[in-house]
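# Sequence and predicted structure are below.
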Protein chains: 2
Amino acid sequence: MTDRLSAQFAFLNEADRLKSVLRGTTLCDGSRRENSGEHSWHIALYAMTLAEHAQRPVALDRVIRMLLLHDLVEIDVGDVPIHSQDGAAHASRETRAAEARAAERIFGLLPADQAAAFRALWDEFEAAESDDAVFAKSIDRVQPVMANLESDGGTWPEYNVTPEQLESRVGVKVRRGAPALWEGLKARIDAWFAARD
Amino acid sequence: MTDRLSAQFAFLNEADRLKSVLRGTTLCDGSRRENSGEHSWHIALYAMTLAEHAQRPVALDRVIRMLLLHDLVEIDVGDVPIHSQDGAAHASRETRAAEARAAERIFGLLPADQAAAFRALWDEFEAAESDDAVFAKSIDRVQPVMANLESDGGTWPEYNVTPEQLESRVGVKVRRGAPALWEGLKARIDAWFAARD
């Protein structure tokens, strides 16, 4: 095996560990917590299905690649649930620094040209400035809301989440990239909280 | 929510069930069986990382979309391990018919234009004739071999798999789309069986 192929396989074998990183949300049927590997697949499928709702034109293939890569740093850092204390503070400086170190290590397993290309996509996603990244971020935030709606509120009761918090923590960011998706979700969110009161 | 968006979310919520379909292979660390959702993520990442090894030029974005979709039919039909009796017979006629019905039902949840587009990609993958589909099929077969190698043979001892069977059931198909990948794997496979003797 060439050194190049060995490096690529080393990266792909390391990536396997993302399947053991558990997220705050559960599967739609509530049977167990979701892991970040299957989440990454699901949101790539979300992007593929919902691309027409992007606020601005996007290159879907770039969006999908960002989403496939974006959680790999959690292999070292773990998932930071958006409604946890750290998540609500938009990820502490320490978390961001740890994620950057993780990106360095994990993408660094690849041959140098690919390490740079994959890292650039991850940096672009994290910066959330390009149209592709803004839409990718929106999609990443839509799927957990839907999982919570499907599993009778999921983690919302546990974290005492209010509709106002959903609007400020999630809605604002989803609206940036895909306002039509948030409109659709909001109707379901309001109905869920209304039924619970 | 528009009917169109409702249909898209219905499809995406149904897709969630793929995370509960278990495969024959385990995670690389052997801790548990892999599910088809996380497998679909991993092979999309494989394609993104290994595209340069394709035997013929491919449109990587089409390959990735095929891989994201290709296992959805398992929600209805389950996974057929390649070394099982049915898998070794290259999937019985009954399995193929059941998968076609599953594709009809699951893609049929989408708005008609998307149902047709996604189904066409799935049909192309299944036909294994286009360059994109041939490479996608190769990638789908590389990842389980690597998972078995990483987990000390994984399911090979259970199914009494020989290197010759790997060559005929897996190698022939991987070679079609990505001969360099099979060369790399074969060296590791031979080493694994040699160490076991």
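Structure received. Residues are numbered from 1 along each chain as shown, chains lettered A, B, ... in the order given.
# Show me where chain A has its strands.
A:22-26, A:33-35 (DSSP state E).
# Tell me how many other residues crowd the closest residue to A:Ala187 other than its chain neighbours.
In space, and not counting its chain neighbours, A:Ala187 is closest to B:Met1: 5.6 Å by CB to CB, 6 or more residues apart in numbering or on different chains. Placement of C-beta: from N, CA and C, glycine included. Look at B:Met1: counted by other CB atoms under 10 Å in any protein chain shown, it has 16 neighbours.
# Help me confirm that B:Met1 comes into contact with A:Leu181.
No - using CB atoms under 8 Å as the test, B:Met1 is too far from A:Leu181 to be in contact (9.6 Å).
# Report the contact partners of the residue nearest to A:Ala187.
A:183-184, A:187-188, B:9 (CB atoms under 8 Å, 6 or more residues apart in numbering or on different chains).
# Tell me the one among those residues nearest to A:Arg105.
B:Phe9 (36.6 Å; CB to CB).
# neighbours around the closest residue to that closest one other than its chain neighbours, how many?
Of all residues not flanking B:Phe9 in the chain, A:Met146 sits nearest, at 6.5 Å (CB to CB, 6+ apart). A:Met146: 22 surrounding residues under other CB under 10 Å.
# And for A:Glu129, the neighbour number?
10.
# Would you check how far apart it and chain B are?
23 Å (CB to the nearest CB, to the nearest Å).
# Could I get the pLDDT score of that residue?
As predicted, A:Glu129 sits at a pLDDT of 98.
# Looking at chain A, which helix is longest?
Ranked by residue count under DSSP state H, the longest helix found in chain A is helix A:131-150.
# Just want the angle from that one to strand A:22-26.
Helix A:131-150 runs at 60 degrees relative to strand A:22-26, counting by axes from the mean of the first three to the mean of the last three CA atoms, to 10 degrees.
# for helix A:131-150, packing partners?
Applying 3 or more CB pairs under 8 Å, 6 or more residues apart in numbering or on different chains; DSSP states H and E, we find helix A:131-150 packed against strand A:22-26, helix A:36-50, helix A:60-69, helix A:112-127, helix A:172-177, helix A:179-196, helix B:3-15.
# Could you check how far it is from the centre of its chain?
7 Å (CA atoms, centre = their mean, to the nearest Å).
# What angle do helix B:3-15 and that helix make with each other?
Here the directions of helix A:131-150 and helix B:3-15 differ by 70 degrees (the same axes, to 10 degrees).
# Tell me what angle helix A:131-150 forms with helix A:112-127.
Using the same axes, to 10 degrees: helix A:131-150 against helix A:112-127 is 60 degrees.
# thinking again about what came up before, want to try a markdown table for the strands of chain A, with distance to chain B and mean neighbour count as columns?
As requested, these are exported to a markdown table (distance: least, CB to the nearest CB, whole Å; neighbours: other CB atoms under 10 Å in any protein chain shown):
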| stretch | distance to chain B | mean neighbour count |
| --- | --- | --- |
| strand A:22-26 | 10 | 20 |
| strand A:33-35 | 7 | 21 |
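# What separation is there between the closest residue to A:Pro163 other than its chain neighbours and B:Pro163?
Excluding the flanking residues, the one nearest A:Pro163 by CB to CB, 6+ apart is A:Phe193, at 5.1 Å. As judged by CB to CB, to the nearest Å, A:Phe193 and B:Pro163 stand 59 Å apart.
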